[in-house]
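Make a model of this:
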Amino acid sequence: MANLCPYLSTLQISHLQSIKLILQQKNEIMRTTFKLLFFVKRNAAKKNGNAPIIARITIDQIVSQFNTQMEINPANWNVSTGKASGRNAEAASINSMLDSIRSTVHQHYHALLEQDGYVTSERVKNAFLGKIERGKTLIEFFEMHNEQYLQKVKMNTTDKTYSRYELTKKRLIEFMKFKYSVSDMLIKEINVVFIDNFLLYIKNHHGCSHNTAMKFIQRFRTIINFAKNTGLVTADPFGNYRVKFEQTDRDYLTMEEITTIYNKKFASKRLEQVRDLFVFSCYTALSYIDVCELTQENIRTAFDGNLWIMTKRHKTNVASNIRLLDVPKAILEKYKDQLPNGMILPIISNQKVNEYLKEIASICSINKSLTFHVARHSCATSVLIANGVPIETVSKILGHTNIRTTQIYARITDVKVSNDMELLVQKLDLVK
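So this is what the prediction gives:
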C-alpha cells in the first residue's frame, strides 16, 4: 500500500486500510469460530470393545454432533490428533474416511456461508447428512401471516384488511402461474425483477391504477417483513425497492354541493335514506362502517353540555369524538324511534349506497364520481378546514394518528387561501 501512496489521497488510503482491517477481521472470525474435531465416545463401547467415532462441529461456541458410522477400539485412538493411531490397514482406512468427512463438512460450511451470509453448526451437520433445508415458500409465509392477523381481528374473516391480504395472496398465486408456471416459490427466489413483474401484472391483467397496484406491493412487502421477523429469512428483496404512490386529487364536495343534496326532495325513499347517510357523514367524517356501527350509546352529552359522537374507528380502534352539528342532529331526530333493533340510522349495503349515490349526483347535476368515502373528504375540506378548523383538530375528529394522513383528506382550497390572505391584509392595515 505504501507504493500506492503518491497516487492516493489520505482519505483513500484510510478507506483502503479500513477495508483491509475488515477483511482481516472477517478471515480471523472464519478461522476461529468454525471447528471440526473427531472423538471416540468411550462410554458407548460395544461388547467387542469398539466405540463409535463422533464428529463434533463447533460454530460460535454452538456444538452439533453426528455419528460417523465408524468405530474403533479406544486404545487405538490418538486423542491429540483426532485420528486412528498406527500404520495398519484399519487405521489407514479410518483416517482416510475421516479426511473425506472433514473435506465435505468444510465444503458445506463455505457453501452455506456464501449462499446465505450466515451459518450454524446444525445447518452444516444437516447439509452433510443430506437433510437439506427446504426453505419456506412465499405462500407459506403468507398463510402464516394471515392466520396470525386473523387471530388479531378475532377470527373475523369479513375484516376488510384481512380480505385484502387474502386477495393479494390470490393475485400472487395467479401471477406465479402466469409468469413461472408454478403456484408457489421459495421466498429466497424472490427478487426486484419478481416485484416489478408482479406490479405490471396487477396493472395490465386486473386494470388497476398505479396507486391501487402499489397497495398490493405494499401488502406484499409486509409479508416479506413478517418473514424476516420470524428469523427464518435474512435476504430482503425490497431492500432497494421504493414503493411510490402518485399524487392524486381526491374528489370532495363544496358546501354548496352538500347543501344542494341535503335540500333536494327525492321521490324515492331509498334515495332519501342514502342521501341522509351521506350528508350525516359529510358533517361527522364517519366512514361507512363507522356509521353502520353507530348506536345510541355513542351519542352522549359531553362536559360542554353539547351532544357528541364518542366512538372508536373500526379500522384503527382509535378514539374519534365529534360534536354533533345541527344538520346531523336533525337527521338523527328524523329517524328517532323509527327503526328496528335499536338502530339510529337506516343501514343499506355499501355497494347499494355507492350505486344510489351515482344516481343522486346525476339528479343534483353534480359532475363528480360520488362514493360514500367522498363524504369524509368533503367534511375534512369543505366543512372543517374551509371554516377555519385547525388541521390538528381535523386530524383528531377523523381519528387519525398521523397528521400526514389527514393532509390527504383535508386540502387547502383556493377560497380558503383567499380568505386567509384577506384576513392578513386587514391585520396589516390595522398596523399602519
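
make it CA atoms for all contacts and neighbour counts henceforth
Will do.

give me the element Ile347 is part of.
Per DSSP states H and E: Ile347 is located in neither a helix nor a strand.

excluding its backbone neighbours, what's nearest it?
Closest residue in space to Ile347, ignoring its immediate chain neighbours: Cys292 at 6.2 Å, by CA to CA, 6 or more residues apart in numbering.

Test my guess that the one you found contacts Asn350.
No: checked against CA atoms under 8 Å, the pair Cys292 and Asn350 is beyond contact range at 9.7 Å.

Between these two, tell me which one has more neighbours.
The neighbour comparison of Cys292 against Asn350 (other CA atoms under 10 Å) goes to Cys292, with 18 against 14.

and the gap between the more buried one and His400?
For Cys292, the distance to His400 equals 19 Å [CA to CA, to the nearest Å].

next one: Phe372
When CA to CA is applied, the distance between Phe372 and His400 equals 18 Å.

Compare those two (neighbour count), which wins?
More crowded of Phe372 and His400, by other CA under 10 Å: Phe372, with 24 against 18.

Just the pLDDT for the more buried one.
On pLDDT, Phe372 comes in at 95.

For the stretch 101-250 of the chain, give me the ranges with low pLDDT.
116, 132-134, 157-158 (pLDDT under 70).

count of residues packed around Ser378?
By other CA under 10 Å, the residues close to Ser378 number 28.

pretty sure it is touching Thr254, no?
Yes: contact between Ser378 and Thr254 holds when scored by CA under 8 Å: they sit 7.0 Å apart.

Verify the stated contact: Leu398 with Ser287.
No: under the criterion of CA under 8 Å, Leu398 makes no contact with Ser287, lying 9.2 Å away.

So for the two, which residue has more residues nearby?
Counted by other CA under 10 Å, Leu398 and Ser287 do not tie: Leu398 has more neighbours, with 25 against 20.

Identify the residues contacting that one.
By CA atoms under 8 Å, 6 or more residues apart in numbering, the contact list for Leu398 reads 285-286, 320, 380, 406.

Repeat that for Phe142.
Residues near Phe142 by CA under 8 Å, 6+ apart: 169, 223.

now do Val394
Contacts of Val394 (CA under 8 Å, 6+ apart): 380, 384-385, 406.

Mind picking the one among the residues you listed that's closest to Ile187?
Ile187 has its nearest neighbour among the contacts of Val394 in Thr406, at 35.8 Å by CA to CA.

That closest one sits in which helix or strand?
According to DSSP H and E, Thr406 maps onto helix 403-409.

For that helix, which helices and strands make contact with it?
Packed against helix 403-409 by the contact rule (3 or more CA pairs under 8 Å, 6 or more residues apart in numbering; DSSP states H and E) you find helix 391-398.

now the helix it packs on: mean pLDDT?
Mean per-residue pLDDT for helix 391-398: 88.

Distance of Leu200 relative to Thr248?
20 Å.

same check, this time on Ile62
According to CA to CA, Ile62 stands 54 Å off from Thr248.

got it, and Arg323?
Between Arg323 and Thr248 the distance is 30 Å, computed by CA to CA.

More neighbours: those two, which one.
For Arg323 versus Thr248, neighbours defined as other CA under 10 Å are more numerous around Arg323 (19 against 8).

Can you name the residues that contact that one?
Going by CA under 8 Å, 6+ apart, Arg323 touches 284, 306-309.

again, only using 6 Å
For Arg323, the contact set (CA atoms under 6 Å, 6 or more residues apart in numbering) comprises Trp308.

for this protein, which strand is longest?
Longest strand of the chain, by residue count under DSSP state E: strand 62-72.

after that one, next one along is what?
For strand 62-72, the following helix or strand on the C-terminal side (DSSP H and E) is strand 77-78.

Other residues contacting that following strand?
With contact meaning CA under 6 Å, 6+ apart, strand 77-78 is reached by 84-85.

Averaged pLDDT, that strand. What do you get?
The predicted model gives strand 77-78 an average pLDDT of 94.

Repeat that for stretch 353-365.
Mean per-residue pLDDT for stretch 353-365: 96.

How far off centre is stretch 98-116?
Offset of stretch 98-116 from its chain centre (CA atoms, centre = their mean, to the nearest Å): 36 Å.

Output that stretch in CSV, but only the C-alpha positions, please.
The C-alpha coordinates for stretch 98-116 follow below in CSV (Å, rounded to 0.1, in the frame of the first residue of the first chain):
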residue,chain,number,x,y,z
LEU,A,98,-12.2,-39.0,8.4
ASP,A,99,-10.2,-36.8,6.0
SER,A,100,-13.1,-37.2,3.5
ILE,A,101,-15.6,-36.2,6.1
ARG,A,102,-13.6,-33.2,7.1
SER,A,103,-13.3,-32.1,3.5
THR,A,104,-17.0,-32.5,2.8
VAL,A,105,-18.0,-30.7,6.1
HIS,A,106,-15.7,-27.7,5.2
GLN,A,107,-17.3,-27.6,1.7
HIS,A,108,-20.8,-27.4,3.2
TYR,A,109,-19.7,-24.7,5.7
HIS,A,110,-18.3,-22.4,3.0
ALA,A,111,-21.2,-23.1,0.6
LEU,A,112,-23.8,-22.2,3.2
LEU,A,113,-21.9,-19.1,4.3
GLU,A,114,-21.6,-17.9,0.7
GLN,A,115,-25.3,-18.7,-0.1
ASP,A,116,-26.9,-17.1,3.0
